[in-house]
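Student: Quick check, what structure comes out for this input:
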Amino acid sequence: MVRIAVCDDVKEMLGILTEIVDKEAGKLSEPYEISGFTQGKRLVEEHNKKPFHIIFLDIFMPGMSGFEAAEQIGEINRGPYLIFVTSKEELVFDSFDYYPFYFMRKRDIEGMRMDMHKIFSKLGEFRREEKEFILELPYNRKRSVRCRDILYLLSEGNYMVYNLDTGESIKIRGTMRDTEKEMENYHFVRIHKRILVNMNYIRTIDHAKNAVCGEKIGCLEIGRNYKRDVLEKYFAYSRSTL
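Tutor: This next block holds a predicted model:
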């Protein structure tokens, strides 16, 4: 469950922001709940009890300001995606001290809807990259691996080899068919009957070598029957990250 907090001392604005957040949060493809606050202090207290994953925070509020709340939230845990919301654009540079995910300007409702659409599109991407897969190792051991740390997967008979950004290779029992299905929502593309690649690490498609290439993956050959699919999926992925 993704816990989302919206904090603004003006009740009317709190209602507007909450409504827009609720409409866009579906992009996370995860169950979510939204909590509203009119005081920074109350937000911090609730976050201390059970941390929020995403926080929309007004800067100018009586009592505890948004910056003061952000400082205390950072001391509790560095985990949440923090989005500052304010009508004062000049505060964007001051907000950098609190490592915000985004800075959203209060303006007309349609403009805020557009900003919120961008924010949740990016949040969806970031949360997918943080997805953790639990690998079943021999002797009843388990290993947690983040999606973004997987460079590519290689099929070897009844085993799958996870090649990681750390330089490690982890071999577990599994099939390419099942693994490809598990990874279908996480920007992996099958380039060969034995290879599944994280598109985040592809920098170019080398037509002369008929391979996908990148600094960390080297050049991996594209199978004859996969070239069209690789081109379509990689170009779609590239456009989505612009």
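Student: Please count neighbours and contacts with C-alpha atoms only from this point.
Tutor: Noted.
Student: immediately after the helix or strand harbouring Gln72, which helix or strand?
Tutor: Gln72 belongs to helix 66-76 when assigned by DSSP states H and E. Downstream of helix 66-76, the first helix or strand assigned by DSSP H and E is strand 81-86.
Student: now the helix holding Gln72: mean pLDDT?
Tutor: Across helix 66-76, pLDDT averages out at 87.
Student: tell me what it is packed against?
Tutor: With contacts defined as 3 or more C-alpha pairs under 8 Å, 6 or more residues apart in numbering; DSSP states H and E, the packing partners of helix 66-76 are helix 40-49.
Student: which residues touch the helix or strand following the helix it packs on?
Tutor: Counting by DSSP H and E, the next helix or strand C-terminal to helix 40-49 is strand 54-58. Strand 54-58 is contacted from outside by 2-9, 65-66, 80-86, using C-alpha atoms under 8 Å, 6 or more residues apart in numbering.
Student: At the geometric centre of the protein, which residue sits there?
Tutor: Phe126 (1.2 Å; C-alpha atoms, centre = their mean).
Student: now the angle from the helix or strand containing it to strand 54-58?
Tutor: Assigned by DSSP H and E, Phe126 belongs to helix 109-129. Angle between the axes of helix 109-129 and strand 54-58 is 150 degrees (criterion: axes from the mean of the first three to the mean of the last three C-alpha atoms, to 10 degrees).
Student: now for the helix or strand following helix 109-129, which elements pack on it?
Tutor: Remark: after helix 109-129, the chain's next helix or strand is strand 132-137, criterion DSSP H and E. Packing partners of strand 132-137 (3+ C-alpha pairs under 8 Å, 6+ apart): strand 141-146, strand 169-173.
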